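Engineer: take a look and give me a structure for this.
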Amino acid sequence: MSKSGGQGMCNSALPRFLIGSEGGESRELGDRDMRNISGHYGEEDDEDQSERQIVVGICSMMKKSKSKPMTEILERLCKFEYITVVIFPEEVILNEPVEKWPLCDCLISFHSRGFPLDKAVSYAKLRNPLHINDLNMQYFIQDRREVYRILQEEGIDLPRYAVLNRDPDKPEECNLVESEDHVEVNGEVFHKPFVEKPVSAEDHNVYIYYPTSAGGGSQRLFRKIGSRSSVYSPESTVRKTGSYIYEEFMPTDGTDVKVYTVGPDYAHAEARKSPALDGKVERDSEGKEIRYPVMLTAMEKLVARKVCLAFKQTVCGFDLLRANGHSFVCDVNGFSFVKNSMKYYDDCAKVLGNMVMRELAPQFHIPWSIPMEAEDIPIVPTTSGTMMELRCVIAVIRHGDRTPKQKMKMEVRNALFFELFEKYGGYKNGKLKLKKPKQLQEVLDIARQLLAELVLHNDCEIEEKKSKLEQLKTVLEMYGHFSGINRKVQLTYLPNGQPKASSGEEDALKEGPSLLLVLKWGGELTPAGRVQAEELGRAFRCMYPGGQGDYAGFPGCGLLRLHSTYRHDLKIYASDEGRVQMTAAAFAKGLLALEGELTPILVQMVKSANMNGLLDSDSDSLTDCQQRVKARLHEIMQKSKDFNEEDYNKLAPTSSPSLVNSMGVIVNPVRTCDRVHALIKSLTCQICKRLEDPKSADLQLYHSETLELMLQRWSKLERDFRMKNGRYDISKIPDIYDCVKYDTQHNSSLGLEDTLELFRLSRALADIIIPQEYGITKAEKLDIASAYCLPLVKKIQLDLQRTHEDEAVNKLHPLYSRGVMSPGRHVRTRLYFTSESHVHSLLNIFRYGGLLDEQKDEQWRQAMDYLSAVTELNYMTQIVIMLYEDNNKDPSSEERFHVELHFSPGVKGCKDEDNAPMGFGFRPASSENHEKQTDPGSLEDLSQDEPDRATLTEPINIQRKSPLIRSRKAGSMEALSESNTSRGLAYRIFPSTSRQSPEIKPSGLGAQCAGLFSASFPNLRDLARAPRKKPSSLKSRSSKAGFEGCSLVPSIYPLETLHNSLSLKQVDEFLTTLCKNGSETQFKRLKSLSAMFETHSQPSIDVDNQDTPISTPVRNQPAAQSLWYTSSPPSTVSSAGPSSPSVAEPSSNFQFNSE
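Structural biologist: Model prediction:
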């Protein structure tokens, strides 16, 4: 090939193109590269026509054609011997007629803002080149209505949607009815959260509207500006001008997947943080949004093929939402390239070059055959030494600090209540829960109507008590608006009416059925509760590989690194109570270093687990065993005499020290209740006097409570605790303790007298009543525990079983990852947020279910001694299960998987410091013999990954004074994280030597792991003594100190290890036996209940959780001449990643998906 004559061709009219040289620098097109280009502008150069070149024309706006991805790909495309690239100058495209545009054999042309698509279509008709992306279809891509129509016609899954066309000529397409928590668009109802998209694909102002139960408001998405892509707005009403698509919101756990096709047989996928989550764009040092390649499933690859063919766009980008086990296409963007992926640039150029050559080489008589290449072999990382890798973390966590819960019960018989009960399907299972604003409004309307009738006609037959109806009306009218977070009404069908407490009551028994109405209010998560949850979320990071160190000041710690690189499969579940859901959202905010409001995090990250009682329980519907237990408790606590040995045996058969100590404080239950009642009366008198004082008129208490509201709750307790017959209602003791604990912590500035004595006595009573309501004997505790949390136990078993299997989750693609040392690592986290009942029940299952024999296992015996000394499972109580895998063991070996069990009793109560039971610290097995470690360098530390540059330049905004940290010793975790020993949590090492002696006292070094864990790592004492640089931002603080601006936020007890050497087989067999026994008991219970109703066969279905449609099989595409319909062999480049096999669910009576 001649290299002469090229220099003379270069002039200002010619497009200049850069080709990457071997040294990594760029050079201008040389003579060989430029040959034949000039012929399309000027005179033919016969000297260079010995070999015909295929000219690929790039016709787009300069910003796109000169972009880095395009330049990288065209450089590689030019390496094909017979391909030459011509870039159409922007001034030619905009100002010259198409007849003067450069000639080309293959056209890559695509629309962007300002591009004259009509002229490009005219050029294509004039010159008839081979099209890479069809131009006519690009008109459709600009209209979201057309995009959705085409997707639907092709049988591609997309969210349920409706189009609102504000077109004067088509009034039938513009029917919008807006309510507080839903909209109706042309007859189609969309409950919040829903999405509102402008019909123009060029308009990026997409809004997501949130339900009032999650806090309301909307998230407003827009084209990225700096480091923001969305902002939260309190506005909850939809836009009233313009045409929109309304669609169901898909819960994707805060992740979007962008798919890039290059022909029907190649698809590359990248995941990024959803712009709707907190609106902050994570960028690298070059200002590019941080994304990570993920693997597509076989079904998703089929979807990519269908999108590519349906829109006739060889190079095409589209958005996937992974939700509820399915993948939905929500947007098709047309021509799009991946940014910052060298492997993608190589692949894309290969695929495009092969396509062009396959189509055009024969007609140009160019000798060319498709090169055959081996499939890329996925690299599986292995570990060395006897190490175990963290595979799964399961945590069951109680909600954070809340306002006092309040409850009112009344029996109702009016026909209006029965009509409401029937309207919402109460007869299906005899129970109904009303939380939505519309439902609560209906209850309020009934109460108002009945009260009005009572005023007009005193003798009318209304059986409901006037005082109860007035209280119902008052509570429902509070705040001036409804929010399901802080109020709910429960109705339970009573076939024979409600049995009376005593025969002396008037109207002893009414004939016929009735409804028990239970009104609940209060119980909202406080600002202190939010801080507790967020701080615990931050501290939780240090359980993960590379997570050691000062979690508050080390943004590159292991969990964030795992999560941001899609090596972390996280699912967060919460019961349907508002305080539980907000705790889960605040925890997620701290765990993942998110910013902004909790509402978007709640809607996207937290799954409401109201399926088969996974995390919800109806405390008003007690089992037979619970009824018997409560009756016995009432009987024992009503005796006006000192506790004797018989009472101790009856009330504390397990000889739990916490129970025995509380009985010692009480001595005589009735006398203690007398004193408690007198103290409550004294308290209400003091509050009344404060109200009479003009200075206290506008006094604001914690969380915007007033003295009037405080008086109301204490007066109600005073009335309800001592019944008319002089006996005490023992079931009110938890409420009394709840109120005095709240006021002692948050309203101590009032200086009310005798509150500490009331706190001491009510706590002693509550320490007996609360745990014993879940069973007095071991058998009762197990029976009640099974009734509460059998579905949760089954789900935990499923989580542990499925850890080592491939799943259709967002997984990092190892071949495309850059700067990630262990692309094969994948950790699964399942967090379950719930209320006290589930935490008590689950702990009882582990304590009394027979997991281990404490007579034979010393570690378990010590753990049981510790648990029996714990008096209260307070807010933020945690039960944590951690699963490890030893890749060196045979997959069928019992030693392959290893389980550890940890526990924390939650936040520290008032005056807890002196009496707190001491555990034996957080003792992961890896910390017990570091000296035996043969190759410390082989312990992989995620902190050694190439850090996300954006993370280092933008420190996470975190409250530095953590309430979780015990007294800090001098020294910073930066030093620890740099040493080999800091890697102990990345893998667990299991030496054959004996375990740590239980006599070893805690060393306090657990505080150096951000205070999440109790005293641990005793073998690191020497390291602790070494002089280190002292962190200026983290000062030593007393554990009694609280959070500024949040009342006093109590610190949280660190995790204590209950057992650190369980095998997965051992735990699995234990859970299987438990589920089998529990299922049999539940079956008998349900069989007896089903006789009450004849129409019980179908469980009630949540309107927001309907089954999602399944993708229809791909249809045979009709034969056509276009490039995108050819039935030629697939591209030589494999698609991005192997598909994950579908795994069958283990058989279970309770159906859960793999999530």
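
Engineer: tell me the helices in the stretch 601-750 of the chain, going along the chain?
Structural biologist: Assigned by DSSP state H, counting those that start in this stretch, the stretch 601-750 of the chain shows helices spanning 624-637, 645-651, 657-666, 669-692, 707-721, 733-746.

Engineer: looking at the ones you listed, which is closest to Ala863?
Structural biologist: Across the helices of the stretch 601-750 of the chain, Ala863 has its closest neighbour in helix 657-666 (14.1 Å, Cβ to Cβ). Using the backbone N, CA and C atoms, a C-beta is placed for each residue, glycine as well.

Engineer: ok, back up a step: give me whichever of the helices of the stretch 601-750 of the chain is most buried.
Structural biologist: Among these, helix 733-746 has the highest mean neighbour count (mean count of other Cβ atoms under 10 Å), at a mean of 23.

Engineer: and whichever helix or strand comes after it, which residues are buried?
Structural biologist: Where DSSP states H and E defines the elements, the next helix or strand beyond helix 733-746 is helix 755-772. For helix 755-772, burial by neighbour count (16 or more other Cβ atoms under 10 Å) applies to 755, 758-759, 761-772.

Engineer: so, low pLDDT: which residues of the stretch 51-200 of the chain?
Structural biologist: Applying pLDDT under 70 to the stretch 51-200 of the chain flags residues 51.

Engineer: what segments of it are helices?
Structural biologist: Taking DSSP H, counting those that start in this stretch as the criterion, the stretch 51-200 of the chain carries its helices at 62-65, 68-77, 90-95, 117-127, 137-141, 144-153.

Engineer: dump those helices to JSON lines, plus mean neighbour count and distance to Val1049.
Structural biologist: Below are these laid out as JSON lines (neighbours: other Cβ atoms under 10 Å; distance: least, Cβ to Cβ, whole Å):
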{"stretch": "helix 62-65", "mean neighbour count": "17", "distance to Val1049": "51"}
{"stretch": "helix 68-77", "mean neighbour count": "20", "distance to Val1049": "48"}
{"stretch": "helix 90-95", "mean neighbour count": "14", "distance to Val1049": "59"}
{"stretch": "helix 117-127", "mean neighbour count": "16", "distance to Val1049": "59"}
{"stretch": "helix 137-141", "mean neighbour count": "19", "distance to Val1049": "52"}
{"stretch": "helix 144-153", "mean neighbour count": "18", "distance to Val1049": "47"}
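
Engineer: redo these as JSON lines? Include distance to Glu282.
Structural biologist: What follows is those, written out as JSON lines (distance: least, Cβ to Cβ, whole Å):
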{"stretch": "helix 62-65", "distance to Glu282": "23"}
{"stretch": "helix 68-77", "distance to Glu282": "19"}
{"stretch": "helix 90-95", "distance to Glu282": "32"}
{"stretch": "helix 117-127", "distance to Glu282": "33"}
{"stretch": "helix 137-141", "distance to Glu282": "28"}
{"stretch": "helix 144-153", "distance to Glu282": "27"}
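
Engineer: for Met299, which of these is the nearest?
Structural biologist: Nearest of those to Met299, taken as Cβ to Cβ: helix 144-153 at 15.0 Å.

Engineer: counting contacts, what elements does that closest one pack onto?
Structural biologist: On a contact count with 3 or more Cβ pairs under 8 Å, 6 or more residues apart in numbering; DSSP states H and E, helix 144-153 meets helix 137-141, strand 161-164, strand 244-248, helix 298-310, strand 326-334.

Engineer: so what strands line up beside the second one?
Structural biologist: According to DSSP bridges, strand 161-164 forms sheet pairs with strand 244-248 (antiparallel).

Engineer: report the buried residues of the partner strand.
Structural biologist: Neighbour-count burial for strand 244-248, counted by 16+ other Cβ under 10 Å, picks out 244-248.

Engineer: same thing with stretch 273-280?
Structural biologist: Residues 273-280 are the ones in stretch 273-280 that count as buried (16+ other Cβ under 10 Å).

Engineer: again, but for stretch 300-309
Structural biologist: Within stretch 300-309, the residues that qualify as buried are 300-309, counting by 16+ other Cβ under 10 Å.

Engineer: which one, of the helices of the stretch 601-750 of the chain, ends up nearest to Lys100?
Structural biologist: Smallest distance to Lys100 across those (Cβ to Cβ): 78.3 Å, for helix 733-746.

Engineer: quick one, that closest one and helix 669-692 angle?
Structural biologist: Here helix 733-746 runs at an angle of 50 degrees relative to helix 669-692 (axes from the mean of the first three to the mean of the last three Cα atoms, to 10 degrees).

Engineer: what about the helix or strand that contains Leu790, average pLDDT?
Structural biologist: Using DSSP H and E, Leu790 falls within helix 778-802. If you average the pLDDT over helix 778-802, you get 91.

Engineer: same check on stretch 868-876?
Structural biologist: Rounded mean pLDDT across stretch 868-876 is 94.

Engineer: list of residues touching that stretch?
Structural biologist: Residues from elsewhere that reach stretch 868-876, judged by Cβ atoms under 8 Å, 6 or more residues apart in numbering: 397-402, 529, 532-533, 536, 583, 654-658, 661-662, 763, 766-767, 770, 836, 839-840, 843, 904-909, 915, 917, 1052.

Engineer: quick check: buried residues in that stretch?
Structural biologist: For stretch 868-876, burial by neighbour count (16+ other Cβ under 10 Å) applies to 868-876.

Engineer: export that stretch to PDB, keeping only CA atoms.
Structural biologist: Provided in PDB are the C-alpha atoms of stretch 868-876 (Å, rounded to 0.1, in the frame of the first residue of the first chain):
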ATOM      1  CA  SER A 868     -31.700 -14.800  81.100                       C
ATOM      2  CA  ALA A 869     -30.100 -11.800  82.800                       C
ATOM      3  CA  VAL A 870     -31.300  -9.300  80.100                       C
ATOM      4  CA  THR A 871     -34.400  -7.600  81.500                       C
ATOM      5  CA  GLU A 872     -35.800  -5.800  78.400                       C
ATOM      6  CA  LEU A 873     -35.600  -6.100  74.700                       C
ATOM      7  CA  ASN A 874     -35.600  -2.400  74.100                       C
ATOM      8  CA  TYR A 875     -35.800  -0.300  70.900                       C
ATOM      9  CA  MET A 876     -33.300  -1.300  68.300                       C
END
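
Engineer: okay, the buried residues of strand 244-248 in CSV with pLDDT next?
Structural biologist: Shown next, in CSV, are the buried residues of strand 244-248 (pLDDT from 0 to 100):
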residue, pLDDT
Tyr244, 96
Ile245, 97
Tyr246, 97
Glu247, 96
Glu248, 95
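
Engineer: quick check: the farthest pair among those?
Structural biologist: Farthest-apart pair in the buried residues of strand 244-248 is Tyr244 and Glu248; separation 14.1 Å (Cβ to Cβ).

Engineer: and the gap between Asp890 and Gly215?
Structural biologist: Applying Cβ to Cβ, to the nearest Å, the value for Asp890 to Gly215 is 51 Å.

Engineer: okay, and the helix or strand of this structure with the least pLDDT?
Structural biologist: Here the helix or strand of the chain ranked lowest by mean pLDDT, DSSP states H and E is helix 973-978, holding a mean of 26.

Engineer: out of the helices and strands packed on helix 144-153, which is closest to Lys468?
Structural biologist: strand 244-248 (40.1 Å).

Engineer: alpha carbons of the helix or strand just after that closest one, as CSV, please.
Structural biologist: Heading C-terminal from strand 244-248, the first helix or strand you meet, by DSSP H and E, is strand 255-262. The C-alpha atoms that make up strand 255-262 are tabulated as CSV, following Å, rounded to 0.1, in the frame of the first residue of the first chain:
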residue,chain,number,x,y,z
THR,A,255,-31.1,0.5,41.5
ASP,A,256,-31.7,1.2,37.8
VAL,A,257,-30.2,-1.0,35.1
LYS,A,258,-29.2,0.5,31.7
VAL,A,259,-28.8,-2.0,28.8
TYR,A,260,-26.8,-1.2,25.7
THR,A,261,-27.2,-3.4,22.6
VAL,A,262,-24.9,-3.7,19.7
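
Engineer: just to revisit the earlier point, and the buried residues of stretch 273-280 as a markdown table, adding pLDDT and distance to Lys431?
Structural biologist: A markdown table is the format used below for the buried residues of stretch 273-280 (pLDDT from 0 to 100; distance: Cβ to Cβ, whole Å):
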| residue | pLDDT | distance to Lys431 |
| --- | --- | --- |
| Lys273 | 83 | 40 |
| Ser274 | 87 | 36 |
| Pro275 | 86 | 40 |
| Ala276 | 85 | 35 |
| Leu277 | 84 | 35 |
| Asp278 | 83 | 37 |
| Gly279 | 84 | 40 |
| Lys280 | 86 | 42 |
